[in-house]
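Chemist: Take a look and give me a structure for this.
(2 chains)
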Amino acid sequence: MTATHALPRHDRRATGPGGLPRLLQAMDLDAHLDAYGPPPYRGARQLIEVVAAAGLTGRGGAGFPAARKLTAVAEAGRRAVVVGNGAESEPTSCKDKQLLWIAPHLVLDGLQLAAEAVGATRAYLYVHPHPGLHQQLGSALAARAAAGLDRAEVQLMSAPPRFLAGEESAVVSRINGGPALPRFKVPPTFQRGVAGAPTLVHNVETLAHLAQIARGGASWFRAAGTAEEPGSMLATCRRADGTSRSPRRPSARHSASCCGSPSCPARRSWSAATTAPGLPARTPLRCRWPTPGCARPARQSAPGCWPRCRPAGAASPKRSGSCATWPPSRPANAAPASAASPASPPGSPSSPRPGRALGSAPTWSGGRGWPNAAAPATTRTAASASCAAPLPCSPASSPRTRTASARPQATARSCPSPSASPPAKPTGPDR
Amino acid sequence: MNQQLRVNPIACTSHGLCAELLPERVSLDEWDYPIISSEPIPPGLRKAARRAVTDCPALALLLTERR
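Modeler: Here you go, the predicted model:
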């Protein structure tokens, strides 16, 4: 279980305790090779023991032990096929897509190493169509082929954009040319899958973990997580109805942000990761949620009840979200850039904000993991309710200004609606 | 030779005939879909199990050799 490559540089680059996040480090091929080196091929089945010792489970949702799956395919006795399954299909989940955007070479390394472990010479990467993603993965594969890293031939497959298309037997059916629908799994996929061959279908996050375990070893992998469920896990965080969802084990696991929701408080980690060199800039970093401990001062250039970040030492989130700088001096059509940028397709040439590259301190100070344990979800909800509609607020209501300065607790509800009828729903950019 | 009954959940259309023919191993849930016991089929039940397999209107039952 000696590590052929420790993960020194990778770990230094990560800024949190335990070296989290492990997977979401944006890297092109050069940076990837610089940090990890080439895939540590070590012969058929050698990796399986390490994976078994690491206790890696499938990250597609079922949590099946990865080593048992690898063993079953390796012992099937025929030439196997490996499929990296990035079609998560769940409408509110996009962690696989995000991983493929940020660290495709980690996934592709895992695909190669899994193929070597089970003796496969063919591999597939099965992903939902997403603007730019196929091109990105295709260029990643071409770069790897030019560098001579891959031993198994990898083919990109497109999944239909619907639910259940990422189920294991549906994946196999699709690759075989049929509809992407689940079937009755007799015989099971690990005995008879793609073209009748034993087929290993792993989630792309599982493969990325596998690629790291092959370098760092089992004990490194077990340094995060619990004894029962070792390692880290990606999760999608969304705010659909004003509440934020917590991961199951906030203390033990790192949770990555989601690229889908503009109002996701952990969105910053995504933004920071994608402004790293070698990847298209997607979302300019905005610190929009009052985060305890955030060192950035509130923006003075865009007043209004639109707190970017709570100033250090601000008393309560409601105060920070109040309309203390009312009335807004901004014109009504000047929507915040953060509102438009999340909708921009990946790869669109939105320029990364300078000074917000990977590893800059304010970026990760509040955005990584779930540092807001001291600030429960109601904190963010209160802030969002008060500041969700900065622009429609009428500057003509002078009593509101007094209210803002005198009773900041009441302001949180009163500012968005000029007619002072019901508390304004969070329309506008926070939705 | 251990045999086990399995149901194809995609083909099954909840006729409930299997529970009539093999109540020792098949029970029905609240929507009349079969819940099949994981116990092996003893020799005395094999005839009834084969009958359930062949008589299923959706051909959704399967007798497999237990691993």
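Chemist: near chain A, anything from stretch B:24-40?
Modeler: No. Residues of stretch B:24-40 are not located near chain A by CB under 8 Å from any CB of the partner chain, the shortest gap being 13.4 Å. The C-beta positions use only the backbone N, C-alpha and C, and glycine is treated the same way.
Chemist: quick one: average pLDDT of that stretch?
Modeler: Stretch B:24-40 shows a mean pLDDT of 92 in the predicted model.
Chemist: One more: stretch A:41-54?
Modeler: 90.
Chemist: So which bits of chain B are right by chain A?
Modeler: When proximity is defined as CB under 8 Å from any CB, chain B approaches chain A at B:6, B:8, B:9, B:10, B:11, B:62, B:64.
Chemist: Counting by contacts, list what the helix ranked longest in chain A packs against.
Modeler: Longest helix in chain A, counting residues (DSSP state H): helix A:204-221. In terms of contacts (3 or more CB pairs under 8 Å, 6 or more residues apart in numbering or on different chains; DSSP states H and E), helix A:204-221 is packed against helix A:46-54, strand A:80-86, helix A:95-102, helix A:104-118.
Chemist: Checking residue 31 next. Helix, strand or coil?
Modeler: Let's take chain A. Following DSSP: H, G, I helix; E, B strand; the rest coil, residue A:31 is assigned to helix.
Chemist: should've been chain B
Modeler: Per three-state DSSP, residue B:31 ends up coil.
Chemist: quick one: it and residue B:15 touch, right?
Modeler: No. Counting by CB atoms under 8 Å, residue B:31 sits too far from residue B:15 to count as a contact (11.9 Å).
Chemist: which parts of chain A sit against chain B?
Modeler: Counting by CB under 8 Å from any CB, chain A comes close to chain B at A:182, A:183, A:184, A:186.
Chemist: which residues does the residue in the stretch 1-150 of chain A that chain B sits nearest to contact?
Modeler: Closest contact between the stretch 1-150 of chain A and chain B, by CB to the nearest CB, is at residue A:72 (11.2 Å). By CB atoms under 8 Å, 6 or more residues apart in numbering or on different chains, the contact list for residue A:72 reads A:190, A:198.
Chemist: repeat that for 6 Å
Modeler: Residue A:72 sits next to residue A:190 when contact means CB atoms under 6 Å, 6 or more residues apart in numbering or on different chains.
Chemist: ok and the residue in chain B nearest chain A?
Modeler: In chain B, the residue found nearest to chain A is residue B:8; the distance is 4.0 Å by CB to the nearest CB.
Chemist: check contacts around that residue.
Modeler: A:184, B:60.
Chemist: Look up phi and psi at it.
Modeler: With angles defined as degrees, to the nearest 10, residue B:8 sits at phi -90, psi 110.
Chemist: got any ranges where the stretch 101-250 of chain A has weak pLDDT?
Modeler: Residues of the stretch 101-250 of chain A meeting the criterion pLDDT under 70: A:239-250.
Chemist: from it, which residue is nearest to chain B?
Modeler: Closest to chain B within the stretch 101-250 of chain A is residue A:184: 4.0 Å, counting by CB to the nearest CB.
Chemist: Name the SS class of that residue, please.
Modeler: coil.
Chemist: can you give me the strands for the chain?
Modeler: Assuming you mean chain A. Secondary structure of chain A by DSSP state E: the strands cover A:80-86, A:120-127, A:153-158, A:199-203.
Chemist: should've been chain B
Modeler: Ranges of strands in chain B, per DSSP E, are B:3-7, B:26-28, B:34-36, B:61-65.
Chemist: Including distance to residue A:120 and mean neighbour count, could these go into CSV?
Modeler: Shown next, in CSV, are these (distance: least, CB to CB, whole Å; neighbours: other CB atoms under 10 Å in any protein chain shown):
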stretch, distance to residue A:120, mean neighbour count
strand B:3-7, 28, 19
strand B:26-28, 39, 16
strand B:34-36, 34, 17
strand B:61-65, 27, 15
